[in-house]
Structures are given as C-alpha cells and as structure tokens.
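**Student:** need a structure here:
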Amino acid sequence: MSAGTRPAPRVFITSLDVELNAALARLLRDLAPSIATSPHSILTDVTRQDSVGLVILCETNAESNALDVLQSIKQQRPDVPVLVLSAHPTIARAAEAIRRGAEDFLALPYSEEGVHKEVARILEAAEPPDRVDHRDPLIGTRYGFERVISRSARMRVVLDRGNAAARSDTPVLIVGETGTGKELVARAIHANSRRAKRPFVPINCAALPRDLVESELFGHRRGAFSGAFTDHPGLFVAAHGGTLLLDEVTELPLEAQAKLLRVLQDGEIRPVGGLESRRVDVRIVAASNRKLKDMRESGMRHDVFYRLSVLVIEIPPLRDRREDLPMLIAFFLDAVSKRGARQVDGIEPGALDLLADYPFPGNIRELENLVEGLSVALPPAHTTIRAEDVRGWLHRRGIHAGDRTSDATGVPLKLSDLEAWAIAEALRQTHGNKSMAAQVLGISRDTLYRKLHELGLPIELTDSQT
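**Tutor:** Below is the predicted model of the structure:
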C-alpha cells in the first residue's frame, strides 16, 4: 500500500448464530466482510483496526447483551457506525439501541434488499468522498442508468431527461404507474450526480403514519410529544449532502407540505418541538403513480407541486414499450439463475406473443414476478418458457389467451372473462388505487378484494402503495 493511502473500510458481523453470520457474509460478500465470533473479539477488532467501517451487531435472543456490546463499541470508537439486527424488534428496544449510539435498528428475520440499502446508506453517510471505491460493487453499478433496460424510443426520452437531471440539483418529479421503475430512475439520477458519494434516502410517504410524518421527515426534540424519549434527527438530516426520494408525495398531509415548501425555498428544517431551524443540503426527488393532472387535483398544495415539478420525467407503462419485453425477460431470467434457481435458456416465440398481448397492470414488477414464478415452476424436462406455461399463468388470472374479442379494444366476449377484465381495467385507470377502483366498478372495497382472490389476480401488485 502506497504512502498516504488508507485501507478500505471493513464490515464486521457478529452474532452467536453461526448460520446467521454466514448468511450475512454471503449477502455482503462484495464488501469482504469479517465475522467476529464473540463480543470480546469484536471489541478487540474495533479497538485495534483503523479500517473498521461498519459493525453489524445481531441479537438473536431476549437475554442477549448486544446493547451492552454496542455501548462498549461506541465508548471505544464513537466514529464507527453500528447497525443492530434484532429478533425482538420492539419500539422500546429500538429506542434504547438508538440512544446507545446505533445508526439504525432492523428486525430479524431480515430483508436482503433492506440490509443492502441500509448498509449502503450507512457507508455513504459515514465515509468522506475520497473513500468510496470499495462500495462500487454494492451501490455504483447496482443503480446507474445501465440498470434501465430498454430500446424503446419513449424510454430514450426518460434516460435523456434523467441524465439532464443528474447534472443539476433541480427538484425532479417522476410520474408513472405502479411498478414502472420510478425508484430505479431516481437512484440512477443520484448515482450519476455530484451527490453520488453521499446518502440516497427513499421514503414512501403513503406508508408514514399521519401523526408521525413531520417527526420522520424533519425530526423532533426530546419531549416534543408522548413517546419522544430522545432527539430524532429525521430523514432530511439523514440525507444531508445527498438525495431524498419522496415516493407517493401526494399523500403528504398539508401541514407537512407547508414545511416541505420551506425546505424547497430556504433549505431549512425545524424539528418538531424545536425552536431553531437547521440548514440542510438535500436534493429532493418526488414520485407519484398519478398523472400530473390528477396530482394538481388531489388536494396537493399548488406551490409545492410547482416547486417539485421543475423537471418532470414521465415513465411509460410496459404496455407502451412492448419491444422491451425480450430484453427484460432475458435480464430477469439471468437474475433468477444468479439467485440460485435453475437455469432457463429463454422464452419461446409463442409464449412471447401471448405476453405481448397482456396489458401488465403491474408493469415491470409484475413481469419480474411472472418470470421468476414461471422459472421455478417449469417442468424439469424443459429449459425454455413455453406458450402453455404462459397460458396457464394467464388462466390463473382469469384471462383466456386466444379468446375472441368484440373489437380491437380487447374486451372479452365470454361472460366469465368480462369480470376479470373489468377489474383489471378499473385498477389500471385508477393507477392501482383499490378504493377508487371499487367506486368505478360500483362495488365495495371488501368485495373487490374477494373478487381479486377468487380470480387469482395479483393483489399485491394492484395496491396503490406499491
């Protein structure tokens, strides 16, 4: 190692569960993680090695002393971030872990994507700009524009506008139906911007409890409300220097929108219960599955809408870029095989023709799930996806391939298929909002759920919060 060159940060994993250690090591293999087999050894490693970049501390039983170990780590090396994974993820336990210095607190069993994102975020936030090469396998190539697979002219417009957005700090509004890849484009913009070495923090505004929205976004002071036992910095502070993605931004309450406007105008936030404002350097990317016209009529503040929509990127649905189906299917087949599933060589022309006629209300996400499902269920004697495989998948969703239609609109003539078509069409028109779709159909929301279940339609892909 040449003089003046510092070693790349190392990730240390420690728990009493050998299998959990091994699984996390495989998941984060691009970072060459080390496993510490005991609290004593992790404390020794943290104390003696300057190259420690992150400690992942796992508590797998209620009697674990993981939080005591956490406190000891922070006493000896307050500069080392610690991520706690807990099999007992109570609010009280999480609050105590944060109070003792944990960077974040995740539940066991863990989500692979969730751990990937959190590790990337922590390393981005903790490291100075000249120490990021070690993260490239994890966050650089995973989220660049090369991940947007398309030969469609309409997607070329998306990529051109995305590249333009990456060259500035202008607020960006990304609109598109559920499953079209809005977060992927947002990540690509961040990864190609001057902020690429700083945090990318995504948040689904529709998933935030209304009474905690302002606290989650802007932070709060200790004692600001019942349960606020400690200061909480908020997501804007977590994204300082980087990018904050506000997904489903139209779901923000008006009070939070007023505070958001202040950030857009002045770059300042004030935590709940705080008296002083704090400046933050955050690039805001907003996203919505509604059309622009619907966003303006949704009750969203017009001044916030106009500040967010300086640069608008509209992602077309998959049915408007069917020429991308072969490339996308090939990509997903390769991804499935790399995750340990059987090798599938491709898709037969007849099967591809059937998929080209399907409207894909869940868009790219639905196609990915379809490819994975067909790959796993493919009979052992076959190495390609056949027309009968796709026809069976369509049948389970109440769609009978090859049925005659009344005209070029694609509306089924068979009474048994009309119901499934009407539900899918209502969900498409309402962008996956089940309550609105039920109103369009003249039925209750509970009845819509029952129909979705009976017809085998993908409930999770038609939720407005996906």
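
**Student:** okay, now the domains of this structure?
**Tutor:** As assigned by automatic domain parsing, the chain contains the domains 10-131, 144-316, 318-396, 411-466.

**Student:** Include mean pLDDT and mean neighbour count when you put those into TSV, please.
**Tutor:** Bear in mind the C-beta positions are built from the backbone N, C-alpha and C, glycine included. Below are the domains of the chain laid out as TSV (pLDDT from 0 to 100; neighbours: other C-beta atoms under 10 Å):
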stretch	mean pLDDT	mean neighbour count
domain 10-131	79	17
domain 144-316	88	18
domain 318-396	86	17
domain 411-466	67	16
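
**Student:** Next, please give the residue ranges for the strands of this structure.
**Tutor:** For the chain, the strands defined by DSSP state E cover 10-14, 34-36, 52-59, 82-86, 104-107, 172-175, 200-204, 243-247, 268-269, 278-279, 283-288, 311-314, 346-347, 384-385.

**Student:** list the helices and strands the second one packs on?
**Tutor:** In other words, strand 34-36. Using 3 or more C-beta pairs under 8 Å, 6 or more residues apart in numbering; DSSP states H and E, the elements in contact with strand 34-36 are strand 10-14, helix 18-27, helix 39-48.

**Student:** tilt between the first one and helix 39-48?
**Tutor:** I take that to be strand 10-14. Here the directions of strand 10-14 and helix 39-48 differ by 160 degrees (axes from the mean of the first three to the mean of the last three C-alpha atoms, to 10 degrees).

**Student:** neighbouring contacts of strand 10-14?
**Tutor:** Contact partners of strand 10-14, identified using C-beta atoms under 8 Å, 6 or more residues apart in numbering, comprise 21, 24-25, 28, 31-39, 41-42, 45-46, 49, 51-58, 69, 119.

**Student:** What is the distance between it and the centre of its chain?
**Tutor:** 24 Å (C-alpha atoms, centre = their mean, to the nearest Å).

**Student:** Strand 52-59 and that one, what's the angle between them?
**Tutor:** If you take the same axes, to 10 degrees, strand 10-14 sits at 10 degrees to strand 52-59.

**Student:** Please enumerate the helices of the stretch 51-200 of the chain.
**Tutor:** Using DSSP state H, counting those that start in this stretch, the helices found in the stretch 51-200 of the chain span residues 66-76, 91-99, 112-126, 141-143, 153-166, 182-191.

**Student:** Just the residues contacting the third one, thanks.
**Tutor:** Helix 112-126 is contacted from outside by 9, 11, 24, 27-28, 31, 53-54, 56, 81, 83, 85, 103-104, 106, 132, 135, 138-139, 197-202, 238, 242, using C-beta under 8 Å, 6+ apart.

**Student:** And the helices in the stretch 301-450 of the chain, which stretches?
**Tutor:** 302-308, 325-338, 349-356, 363-377, 387-396, 415-429, 434-441, 445-455.

**Student:** rewinding a little: out of the strands of the chain, the one nearest Val304 is which?
**Tutor:** strand 283-288 (9.1 Å; C-beta to C-beta).

**Student:** Could you list every helix and strand that that closest one packs against?
**Tutor:** Going by 3+ C-beta pairs under 8 Å, 6+ apart, strand 283-288 lies up against strand 172-175, helix 182-191, strand 243-247.

**Student:** how about Gln257, what does it touch?
**Tutor:** 300-301, 304.

**Student:** how close does it get to Ser298?
**Tutor:** From Gln257 across to Ser298, the span is 11 Å (C-beta to C-beta, to the nearest Å).

**Student:** ok, Met155 touching Met327?
**Tutor:** No. The criterion here is C-beta atoms under 8 Å, and Met155 misses it with Met327 at 10.7 Å.

**Student:** In a markdown table, list the helices of the stretch 51-200 of the chain along with distance to His395.
**Tutor:** Below are the helices of the stretch 51-200 of the chain laid out as a markdown table (distance: least, C-beta to C-beta, whole Å):
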| stretch | distance to His395 |
| --- | --- |
| helix 66-76 | 50 |
| helix 91-99 | 45 |
| helix 112-126 | 31 |
| helix 141-143 | 36 |
| helix 153-166 | 31 |
| helix 182-191 | 31 |
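
**Student:** so which of those helices gets nearest Arg445?
**Tutor:** helix 182-191 (24.9 Å).

**Student:** What are the contacting residues of the closest one?
**Tutor:** Contacts for helix 182-191 (C-beta under 8 Å, 6+ apart): 139-140, 143-145, 147-148, 158, 162, 165-166, 172, 174-176, 196, 200, 202, 242-243, 245, 247, 283, 285, 287, 289, 313, 315.

**Student:** who are the neighbours in contact with the closest residue to Ser152 other than its chain neighbours?
**Tutor:** Computed as C-beta to C-beta, 6 or more residues apart in numbering, the closest residue to Ser152 that is not its neighbour in sequence is Arg321, at 3.9 Å. By C-beta under 8 Å, 6+ apart, Arg321 lies in contact with 150, 152, 154-155.

**Student:** Over to Val272?
**Tutor:** Per C-beta under 8 Å, 6+ apart, neighbours of Val272: 214-215, 218-221, 224-225, 228.

**Student:** I'd assumed Glu214 was in contact with Glu255.
**Tutor:** Yes. Between Glu255 and Glu214 there is a contact under C-beta under 8 Å: 6.7 Å.

**Student:** re earlier: can you list the strands of the chain in CSV and add distance to Leu184?
**Tutor:** Converted to CSV, those look like this (distance: least, C-beta to C-beta, whole Å):
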stretch, distance to Leu184
strand 10-14, 25
strand 34-36, 31
strand 52-59, 25
strand 82-86, 24
strand 104-107, 22
strand 172-175, 10
strand 200-204, 11
strand 243-247, 11
strand 268-269, 27
strand 278-279, 30
strand 283-288, 11
strand 311-314, 12
strand 346-347, 23
strand 384-385, 24
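
**Student:** for Arg270, phi and psi?
**Tutor:** phi -130, psi 120 (degrees, to the nearest 10).

**Student:** I should have written Ala102 there, sorry.
**Tutor:** Main-chain torsions, Ala102, degrees, to the nearest 10: phi -70, psi 140.

**Student:** so who does the nearest residue to Gly273 once chain neighbours are set aside touch?
**Tutor:** Once flanking residues are discounted, Gly273 sits nearest to Ala224: 2.6 Å by C-beta to C-beta, 6+ apart. By C-beta under 8 Å, 6+ apart, Ala224 lies in contact with 215, 271-274.

**Student:** Looking at those residues, which is nearest Gln76?
**Tutor:** Proximity of those to Gln76 (C-beta to C-beta) peaks at Pro271, which lies at 29.8 Å.

**Student:** so that closest one makes contact with Gly223?
**Tutor:** No. Using C-beta under 8 Å, Pro271 is not in contact with Gly223, being 11.8 Å away.

**Student:** correct me, but Arg290 touches His431?
**Tutor:** Yes. With contacts counted by C-beta under 8 Å, Arg290 reaches His431, the gap being 5.9 Å.
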